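Colleague: From the sequence below, what's the structure:
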Amino acid sequence: MPRNRRTIVVCVLLTICALITAACGQKAGVHLTSAGSSAGGGTSDALTGAGGDTGGDTGAGAASGASGGSTTGGSSTGSAGSAAATGSGTSGGSTGRSGGTSGGGTSGGGGGTASTPGNDRTGITDDTIVIGVHGPASGAGAPATSFYKYKQLYFDRIGKAINGRRVVVEFADDGYNPSQAVQACKTLVQDKHVFLLVGAAGTDQIVECAKYARSAGVPYLAEGVTEAALAGVNNYFAETMTYKAQGPLLVQYMKNVAKKTKWAMIRGNTANFEDAHTGFVNAANAAGMTKIFDDAVPKDGTNQDMQSEAQKFCKTTPNPGGPLDKSDVALYPLMSPKLFIAFAGFVAQAGCFPRYAGIGITLALNVVASAVCPSGAFQNGATFFSPYVGLDQADPEFKAATQGQSDADDIAYGIWAAEKLFAAELQAAGRDLSRQSFMQTLLTKKVFEVNTYPKVDFSNSHFGGTAVSVQRADCTKNPGAYVTEAVNKSSF
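Modeller: Residues are numbered from 1 along each chain as shown. Take a look at the predicted model:
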């Protein structure tokens with residue numbers, strides 16, 4: 001071969017080698033620090049976007065840009081062009097496919113904005129942000145069709161108000177079951193290519209999806225549930241007070257507002273309720289309250305289980321053989337609506353009527369009050385903490401948006417109230433939005449305030465809730481509903 005041709009070939013080969021090295025032959029460990037992890041990848045540092053090494057075509061970050069360049073196996077949509085690929089196979093390099101392919105190759109986010117290492121823009125286009133919500137539309141004993149009908153209401157109302165983008169909400173029913181919840185979250189991340197995940201309710205479901213979201217490098221927003229299982233999950237941000245934090249507040253309420261000196265607690269037997277239990281018991285002991293009853297029931301118990309528990313509770317008195325009257329006892333139920341509705345009915349049948357007082361969102365829903373009130377179980381009162389007020393004091397803008405829609409219940413309002421907070425958080429992250437910048441914004445700005453939720457403060461930890469509203473069962477309403485007793489309380 002002539003020398004000139006040989007020189008040209010060598011130069012071409014060197015150029016090709018350089019390109020290959022840039023695309024898939026980086027230094028050891030570089031692929032572990034790329035933007036986000038694959039949807040099924042290993043653990044991920046939520047703020048740096050360091051994902052687990054999944055290899056093959058599910059490379060960490062799989063930053064294909066939204067759609068630019070050539071495609072393999074699908075048409076290109078959008079025009080952002082490809083970012084520097086950090087994976088290999090079909091999801092790296094110049095493949096687009098409108099959000100990437102297989103497992104983690106989703107950083108194209110539906111085909112609009114390219115991703116670079118540490119800058120994961122999955123679910124972001126020039127004019128949209130796609131978020132995923134999972135919740136118990138079934139399985140909790142309180143059917144919640146509002147998740148489907150009203151999931152988009154607030155964001156449609158505000159349009160492209162979030163730095164020129166509108167929010168599109170994808171919803172998946174988790175069946176109030178942890179394994180189903182993980183599958184729902186995987187579907188939202190891997191198939192719907194959402195920017196972030198939201199857990200609507202259910203402690204065990206939120207814990208498992210938060211851990212999955214960490215492995216996928218996805219921000220995860222939810223109500224505050226257990227602290228013990230989620231303290232090290234840095235992509236999880238609790239928008240309400242945790243159950244453990246609400247325990248001392250509930251003791252204050254029982255003693256100072258309900259005027260009770262005796263307490264009882266019945267909880268589902270999941271490990272994720274243990275720090276809530278311990279926090280409440282310690283606070284009750286410190287306040288000098290007297291324990292009457294403290295027990296755990298099967299988390300997925302049957303009506304027969306709850307009937308047996310009701311009989312056990314009603315027969316328990318400080319003096320064995322005494323009356324069934326429990327009007328002087330404040331009872332804290334921590335369980336699903338399905339179990340609570342059954343338990344309260346059986347307690348009423350037994351002829352003992354405690355003063356119910358509890359925490360969380362699901363027992364403060366009107367579908368629960370309407371199911372329990374006819375039994376007379378609430379005759380000595382029932383109040384539950386909630387991050388938002390009842391429909392009687394709902395955001396006037398919500399009332400205007402749902403005027404004439406009789407099925408706009410308090411679940412619909414809870415969705416509206418939470419999404420107003422999410423909108424403020426997304427807005428604060430600015431136009432140049434990525435998963436990493438969004439999470440960093442929460443920790444940098446720290447405090448978020450809207451008129452539908454108590455102040456959220458991430459100054460000290462990822463558990464940002466600061467206060468509760470109190471909802472009281474009003475059984476004079478037909479068939480029963482909750483009304484607002486107090487708003488944004490941090491002490492009683």
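
Colleague: Not counting sequence-adjacent ones, nearest residue to residue 277?
Modeller: Using C-beta to C-beta, 6 or more residues apart in numbering and skipping the chain neighbours, the partner closest in space to residue 277 is residue 267 (5.8 Å). Backbone N, C-alpha and C define where each C-beta goes, glycine included.

Colleague: Next, count neighbours for the closest residue to residue 133 other than its chain neighbours.
Modeller: Distances taken as C-beta to C-beta, 6+ apart place residue 198 nearest to residue 133, at 4.5 Å, with adjacent residues excluded. Residue 198 sits with 25 neighbouring residues when counted by other C-beta atoms under 10 Å.

Colleague: One more: the one 3 residues further on?
Modeller: Summarising burial for residue 201: neighbours were counted as other C-beta under 10 Å, giving 25.

Colleague: phi, psi of it?
Modeller: The phi/psi pair for residue 201 (degrees, to the nearest 10) reads phi -170, psi 160.

Colleague: again, but for residue 266
Modeller: Here is the backbone geometry of residue 266 (degrees, to the nearest 10): phi -130, psi 130.

Colleague: which residues does it bridge with?
Modeller: For residue 266, the beta-bridge partners are residue 295, residue 333 (DSSP bridges).

Colleague: Distance of it relative to residue 147?
Modeller: Distance of residue 266 to residue 147, computed by C-beta to C-beta, to the nearest Å: 28 Å.

Colleague: Give me the buried positions along the helix or strand containing residue 448.
Modeller: Per DSSP states H and E, residue 448 falls inside strand 447-450. In terms of neighbour count (16 or more other C-beta atoms under 10 Å), strand 447-450 has its buried residues at 448, 450.

Colleague: Look up phi and psi at the nearest residue to residue 366 once chain neighbours are set aside.
Modeller: Of all residues not flanking residue 366 in the chain, residue 481 sits nearest, at 4.6 Å (C-beta to C-beta, 6+ apart). Backbone torsions for residue 481, taken as degrees, to the nearest 10, come to phi -160, psi 170.

Colleague: How much space separates the residue most central in space within the chain from residue 403?
Modeller: Geometric centre of the chain, nearest residue: residue 199, 2.0 Å, by C-alpha atoms, centre = their mean. For residue 199, the distance to residue 403 equals 30 Å [C-beta to C-beta].

Colleague: And residue 288, by the same measure?
Modeller: To residue 403, residue 288 is 49 Å away according to C-beta to C-beta.

Colleague: Doesn't residue 126 belong to a helix?
Modeller: No: read with DSSP: H, G, I helix; E, B strand; the rest coil, residue 126 is coil and lies in no helix.

Colleague: For burial, what's the neighbour tally of it?
Modeller: So residue 126, with other C-beta under 10 Å, has 14 neighbours.

Colleague: one step back: distance of the residue nearest to residue 133 relative to residue 172?
Modeller: Distance from residue 198 to residue 172, by C-beta to C-beta: 11 Å.

Colleague: how about the helices in the stretch 101-250 of the chain?
Modeller: 146-150, 153-158, 178-186, 203-216, 243-252 (DSSP state H, counting those that start in this stretch).
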